[in-house]
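Provided below for reference: sequence and predicted model.
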Number of protein chains: 2
Amino acid sequence: MSTYVAPVKDMLFAMNELAGLQEIVGLPGNEDVSSDLVEAILDEAGKFASEVVDPLNKVGDKQGNKWNNGVVTTADGFKEAYATFCETGWNGMPASTEFGGQGLPVTVSTAVLEMWKSASISFSLCQMLTLGAVEAIAHHGSDELKATFLPNMVSGKWTGTMNLTEPQAGSDLAAIRSKAEPRGDGSYAISGTKIFITWGEHDMAENIIHLVLARLPDAPPGVKGISLFIAPKFLVNADGSLGERNDLICASIEHKMGIHGSATAVMSFGDNGGAIGYLVGEPNRGLEYMFTMMNHARLNVGLEGVGVSERSYQHALAYARERIQGKIIGDKSGEKKPILHHPDVRRMLMDMKSRTEAGRAIAYYVAGCMDRAHSHPDADVRAANQRRLELLTPVVKGWCTENAQGITWNGVQVHGGMGFIEETGAAQYMRDARIITIYEGTTAIQANDLIGRKTAKEGGKSMQQLLADIAETGSALRASGNAQLKAIAEALGDGIAALDEATNWLIANYDANPQAAAAGSVPFLKLTGIVVGGWLMARSAAVAAERLDAADGDFYKAKIATASYFAQHVIPEANSYRDAIVGGAESVLALEEALF
Amino acid sequence: MSTYVAPVKDMLFAMNELAGLQEIVGLPGNEDVSSDLVEAILDEAGKFASEVVDPLNKVGDKQGNKWNNGVVTTADGFKEAYATFCETGWNGMPASTEFGGQGLPVTVSTAVLEMWKSASISFSLCQMLTLGAVEAIAHHGSDELKATFLPNMVSGKWTGTMNLTEPQAGSDLAAIRSKAEPRGDGSYAISGTKIFITWGEHDMAENIIHLVLARLPDAPPGVKGISLFIAPKFLVNADGSLGERNDLICASIEHKMGIHGSATAVMSFGDNGGAIGYLVGEPNRGLEYMFTMMNHARLNVGLEGVGVSERSYQHALAYARERIQGKIIGDKSGEKKPILHHPDVRRMLMDMKSRTEAGRAIAYYVAGCMDRAHSHPDADVRAANQRRLELLTPVVKGWCTENAQGITWNGVQVHGGMGFIEETGAAQYMRDARIITIYEGTTAIQANDLIGRKTAKEGGKSMQQLLADIAETGSALRASGNAQLKAIAEALGDGIAALDEATNWLIANYDANPQAAAAGSVPFLKLTGIVVGGWLMARSAAVAAERLDAADGDFYKAKIATASYFAQHVIPEANSYRDAIVGGAESVLALEEALF
């Protein structure tokens, strides 16, 4: 078993060169943040990830959570690690200073969150859900609710959940049936069954604050009749101490393919008259409020894709450096060499490495957009970054999680037969990764958002602006006179042409033939991911080409080689996605349902 | 949970139209085989697969095998099902009549074996290993060994195994260290540890016949010093009754990602002086003998890819027909419709369906080659089929198993969140499928065989002949005047051009730059699979186009739609593989090992 080592240098490179960290630390509100501080935070977080979080990963997978009559017991070590995580301030770190967080730029917290996700997705989910709930309450809750719940949630003393899904309401939240009846005192009696509630019940914190979507008695049908409530596991007394147990219980936990370390709960609300809940914001605007946090959560799930990919790569690389097997083709040294020297093993590792770096590049770049959209003094810059952020949010979620599937799969393949043996550890990353293209909106849901609201419905303006930016990078690389950069620019040019053609087709067909557009939606998302990933890899290579003579020139040499791999092996897929979008809808839709 | 239903009509279509069943049943030795008989066999096998084998799949996954002090207990129902399997003659069905089998054409037994693999890969492996051992003994063993072991192995009273792998000798069998010392009486004392031994120990049969690779004391080093031995769990007395327990034991079983229903054993030979073994054939030719059965086993593992894909497709389809979720885009009926109507769900199902049918097409086509290579009266036809069989064996193994990864993955995705819950059953197919790109030679090992011995080393003659046959189909489709067939032919033409270019590049570079050739080997295998799959789908469509007016015209309509999907969505990938092969080696090999 390898130990996770946070790739701090790679992270800082992506933060500085792609997300624009220098600009971000200079933005209003970031006066206390310096590059040195960021580096120190990343070093400390990296240590914590290796020493405290990483050891949880396997034990969580193996032991899972135990359910007994509504009580859930986490695997050995989780409780203690969580306590340390909170004590050292990592839990609340990304939150606003107003409630006890450190108010760091999203770009910085993104890098830190990637580390928790690499070290243990299961463990990291608790913080992610809690901070998502914090965000929703902070944006939409009353001052009283904020004062009652936020400080303890930010510190991690209490954790948070999102109760959306019901058996009949998964991707389609319009079908939610849970009810909220006014109790006459300003609170509500919540009843209903929620499923797939991550960290819905556990023993790491003294209270769990459930955010619950439910319908008021007079609510209109569909998505416009859903309200958001807070229903704590234990009611909170006026003095902030814990009161009675609320009428909600974890009815069971799921037996899942992966992320065994985090319980996925079936939550039953109101078996004895109704769980006491508090309305967040205005009635019937619950879904809108949930989306405030959901968009951020989607970026974080995309980041899970990056994190688990990085971990799987490190694990496979460690094995490939050690394992000796077979003669290396074309090698005349006569030495026994590890399998890293086999060309196909190298191909798999380069594929893992380049896609992981491209995923990180997009995730961090979008984090930078978020920081600028939030804090830049120029309203036009804020607006432009907001548009870019919105355009690429489904791409970060969809593409980084889809990539993680092939990456973690290759991570097993590099190990040969040992990869299939659970003790080796490689299989767990693949099993854990399997949920991330599903939760927080499946890839199809992301793709639907990308082709519709984010592209066709605004006439493709944001996408064309993005393509113009990408083309500019291509021109710069071509003008550089550097043969490697020119080759990358050429591949990128093919990608731009493919995405441009697909975008034009989409805009021409979206209204007239929505089913055809939807048939190509996931290929369109993947195509976008490849081209944006290729763009950021090209930018990385351009920066690296200037620094080959530096003391750490090898680091930059590797950046160019990795970008070249991406250009030669990944970007060519763009054409096949374009073909599938532009010419493939008919065959997706041709077969009558009875003939499947 | 859906129940597996053997796709008998699809199977017969592939057997008749692609493998050439009519010709095969007319070959010498097949006098007792008629089309009616074949249909009856498939119907009966389909029933057995649904009723007896399919119910084992889940219980095997959940319970796994229990190991206790060398004794392995199978999951509930396996023992009884295996007894029925043997009693009804299914175990020995594919074997030669000489030892109690039914001597059916490989094309027929291939379809039947696909059913066992769909119903339960774990269960099917026992028969596969036993018949592999039967084949090795039948081809290379003495008459005495054959008489002693084969009848009971064919009937299934005794099962067989292949003991190849050792901890330091996986893909590289040259590193085998197990020893065989002559005992002076013609037998040998075997010692050593073998790992990853499928069905190495269990409670379904009274004896287990281990085929073991080991070295004689005077053996030359490397692959030329490995001999093949039979080491039965219980020695066999002269009268055929069971004698003493041999000095071999199952030291432990593995905790695997999938195929939990079949124990994967660590076998320890000779802890107490040496397991008694019998040399098969001549000394030092063990690896060559193993390859007799390994090539057939590779085809059968390819078939596992088809079988598990079919099962995963049926499972996902059943869910997609039932589950109601969300509004169907562009649908104005106002009805609640199942998710099968969502364009992206259709896309996933079409992808699963078309790749599964293409995989079946290749596997059955190659089975047909095997029958003709074995039994055709014309020596030239035999030789041509033998060449085609050899060329495509690594493609069946590599491509059908690689395809099964994406197919079973989509099978989970169609289920949304439910796919991640183990009780749903979709995840098991994905976990089970994960081993098939590894065992019996990883995809890289197959690809190495394909680019080297099967292509470059013979100047690409077999590949060029194949490409000529494919081009001929393309011409016929273009000449047909049918617009759908012409569109398929056009896509196929792109595929042919890509494979042709890649083949020429390979031949030009294989000797001069073997590492570059190896860097593109897996993409080359996938490219070949796509083009050959596309060819056979095109041939299917051409046959179907003639039969649209038949009573079962819908079946043929579906065949054309499925072939069109393959042409529009899968064949376009050919170009990106060509690019990776022809232009991608440099970036695979560029990074110094230290910089990974």
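Great, that's in hand.

In a helix, A:Ala320, correct?
Yes: assessed by DSSP: H, G, I helix; E, B strand; the rest coil, A:Ala320 belongs to a helix.

mind listing what the residue positioned nearest the centre of chain A touches?
By CA atoms, centre = their mean, the mean C-alpha position of chain A lies nearest to A:Val301, the distance being 2.0 Å. Neighbour list for A:Val301: A:397, A:401, A:436, A:439-440 [criterion: CB atoms under 8 Å, 6 or more residues apart in numbering or on different chains]. All C-beta atoms are positioned from the backbone trio N, CA, C, and that covers glycine.

got the residues of the stretch 251-400 of chain A near chain B?
Residues of the stretch 251-400 of chain A that fall close to chain B, judged by CB under 8 Å from any CB of the partner chain: A:254-258, A:317, A:321, A:324-327, A:329-330, A:340-347, A:349-350, A:353.

Can I have the buried ones of these as a PyMOL selection?
Of these, the buried ones can be selected in PyMOL as follows, counting by 16 or more other CB atoms under 10 Å in any protein chain shown:
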select buried, chain A and resi 254+256+257+258+317+325+326+329+340+341+342+343+344+345+346+347+349+350+353
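
Tell me which of the residues of the stretch 251-400 of chain A next to chain B fall in helices.
Under the assignment DSSP state H, these contribute A:317, A:321, A:343-347, A:349-350, A:353 to helices.

Would you reformat these as CSV and include pLDDT and distance to A:Ala426?
Formatted as CSV, those follow (pLDDT from 0 to 100; distance: CB to CB, whole Å):
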residue, pLDDT, distance to A:Ala426
A:Leu317, 98, 11
A:Arg321, 98, 14
A:Pro343, 98, 21
A:Asp344, 98, 17
A:Val345, 98, 14
A:Arg346, 98, 17
A:Arg347, 98, 17
A:Leu349, 98, 13
A:Met350, 98, 17
A:Lys353, 98, 16
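
where exactly do the helices run in the stretch 251-400 of chain A?
For the stretch 251-400 of chain A, helices defined by DSSP state H, counting those that start in this stretch occupy the ranges A:286-322, A:343-375, A:379-414.

how about these, which one is nearest A:Leu18?
helix A:343-375 (4.9 Å; CB to CB).

now the angle between helix A:379-414 and that closest one, please.
Angle of helix A:343-375 versus helix A:379-414, following axes from the mean of the first three to the mean of the last three CA atoms, to 10 degrees, is 160 degrees.

what's the angle between helix A:343-375 and helix A:286-322?
Going by the same axes, to 10 degrees, helix A:343-375 makes 150 degrees with helix A:286-322.

distance between helix A:343-375 and the chain's centre?
12 Å (CA atoms, centre = their mean, to the nearest Å).

List the buried residues in that helix.
Buried residues in helix A:343-375, counting neighbours by 16+ other CB under 10 Å, are found at A:343-375.

How about A:Ile470: what's its closest non-neighbour residue?
A:Trp535 (4.4 Å; CB to CB, 6 or more residues apart in numbering or on different chains).

what about that neighbour, helix or strand, and which?
Following DSSP states H and E, the helix or strand that holds A:Trp535 is helix A:521-545.

For that helix, what is the distance to the chain centroid?
Relative to the chain's own centre, helix A:521-545 is displaced by 17 Å; criterion: CA atoms, centre = their mean.

I'd like the next helix or strand past the strand ranked longest in chain A.
In chain A, assigned by DSSP state E, the strand with the most residues is strand A:188-198. Where DSSP H and E defines the elements, the next helix or strand beyond strand A:188-198 is strand A:207-214.

Quick one: low-confidence residue ranges for chain A.
Applying pLDDT under 70 to chain A flags the ranges A:1.

all strands of it, in order?
A:66-68, A:71-73, A:158-163, A:179-182, A:188-198, A:207-214, A:227-232, A:234-236, A:242-245, A:248-253, A:264-269, A:275-279.

which residues sit against the fourth one?
Put plainly, it is strand A:179-182. A:188-192, A:214-217, A:227, A:229, A:270, A:274, A:277, A:279.

What subset of those is buried?
Burial of these was assessed by neighbour count (16+ other CB under 10 Å); the buried members are A:188-192, A:214-216, A:227, A:229, A:270, A:274, A:277, A:279.

Which of those sits closest to B:His140?
Closest approach between the buried ones among the contacts of strand A:179-182 and B:His140, by CB to CB: A:Gly192, at 67.9 Å.

quick revisit: find the nearest non-adjacent residue to the residue nearest to the centre of chain A, please.
In space, A:Val301 is closest to A:Glu440, 4.6 Å off (CB to CB, 6+ apart).

quick one: that neighbour and A:His296 touch, right?
No: counting by CB atoms under 8 Å, A:Glu440 stays clear of A:His296, with 10.0 Å between them.

Can you name the residue of the stretch 51-200 of chain A nearest to chain B?
Using CB to the nearest CB, the single residue of the stretch 51-200 of chain A nearest to chain B is A:Asp172, 3.8 Å away.

residues contacting the closest residue to that residue other than its chain neighbours?
Once flanking residues are discounted, A:Asp172 sits nearest to B:Gly326: 3.8 Å by CB to CB, 6+ apart. B:Gly326 sits next to A:171-172, A:174, B:339, B:342 when contact means CB under 8 Å, 6+ apart.

Likewise for A:Leu21?
Per CB under 8 Å, 6+ apart, neighbours of A:Leu21: A:12, A:15, A:35, A:38, A:105, A:107-108, A:368.

Spell out the residue ranges of the helices in the stretch 51-200 of chain A.
Counting by DSSP H, counting those that start in this stretch, the stretch 51-200 of chain A has helices at residues A:54-63, A:78-87, A:106-119, A:121-140, A:143-155.

and B:Arg183, which of the ones you listed is closest to it?
Per CB to CB, nearest to B:Arg183 of the helices of the stretch 51-200 of chain A: helix A:54-63, 44.5 Å.

between the closest one and helix A:286-322, how many degrees?
Using the same axes, to 10 degrees, the direction of helix A:54-63 lies 100 degrees away from that of helix A:286-322.

so how far is chain B from A:Phe48?
A:Phe48 sits at a distance of 25 Å from chain B (criterion: CB to the nearest CB, to the nearest Å).

so what's that residue up against?
Applying CB under 8 Å, 6+ apart to A:Phe48 gives the contacts A:85, A:88, A:90, A:115.

so how many other residues sit close to the last one?
In this case it means A:Met115. Residues lying near A:Met115 (other CB atoms under 10 Å in any protein chain shown) number 28.

Would you mind measuring from it to A:Asp32?
Separation of A:Met115 from A:Asp32 (CB to CB, to the nearest Å) stands at 22 Å.

How about the first one?
Counting by CB to CB, the separation of A:Phe85 from A:Asp32 is 23 Å.

Between the two, which is the more surrounded one?
A:Phe85 (23 against 11).

Correct me if wrong: the more buried one contacts A:Asn91.
Yes: A:Phe85 lies in contact with A:Asn91 (CB under 8 Å); the separation is 5.6 Å.

Between those two, which contacts overlap?
Listed as contacting both A:Phe85 and A:Asn91 by CB under 8 Å, 6+ apart are A:127, A:156.

could I have stretch A:330-348 exported to PDB, CA atoms only?
Only the C-alpha atoms of stretch A:330-348 are listed here, as PDB (Å, rounded to 0.1, in the frame of the first residue of the first chain):
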ATOM      1  CA  GLY A 330      13.400  -3.400 -27.300                       C
ATOM      2  CA  ASP A 331      15.500  -3.200 -24.100                       C
ATOM      3  CA  LYS A 332      19.100  -4.400 -24.600                       C
ATOM      4  CA  SER A 333      20.400  -3.700 -21.100                       C
ATOM      5  CA  GLY A 334      19.800  -7.200 -19.900                       C
ATOM      6  CA  GLU A 335      18.600  -5.800 -16.600                       C
ATOM      7  CA  LYS A 336      15.500  -6.800 -14.800                       C
ATOM      8  CA  LYS A 337      13.400  -3.600 -14.800                       C
ATOM      9  CA  PRO A 338      10.100  -2.800 -13.200                       C
ATOM     10  CA  ILE A 339       6.900  -2.800 -15.300                       C
ATOM     11  CA  LEU A 340       6.900   1.000 -15.500                       C
ATOM     12  CA  HIS A 341       9.300   0.400 -18.400                       C
ATOM     13  CA  HIS A 342       6.700  -1.600 -20.400                       C
ATOM     14  CA  PRO A 343       5.300   0.800 -23.100                       C
ATOM     15  CA  ASP A 344       1.700  -0.200 -22.400                       C
ATOM     16  CA  VAL A 345       2.100   0.400 -18.700                       C
ATOM     17  CA  ARG A 346       3.500   3.800 -19.500                       C
ATOM     18  CA  ARG A 347       0.600   4.500 -21.800                       C
ATOM     19  CA  MET A 348      -1.900   3.700 -19.000                       C
END
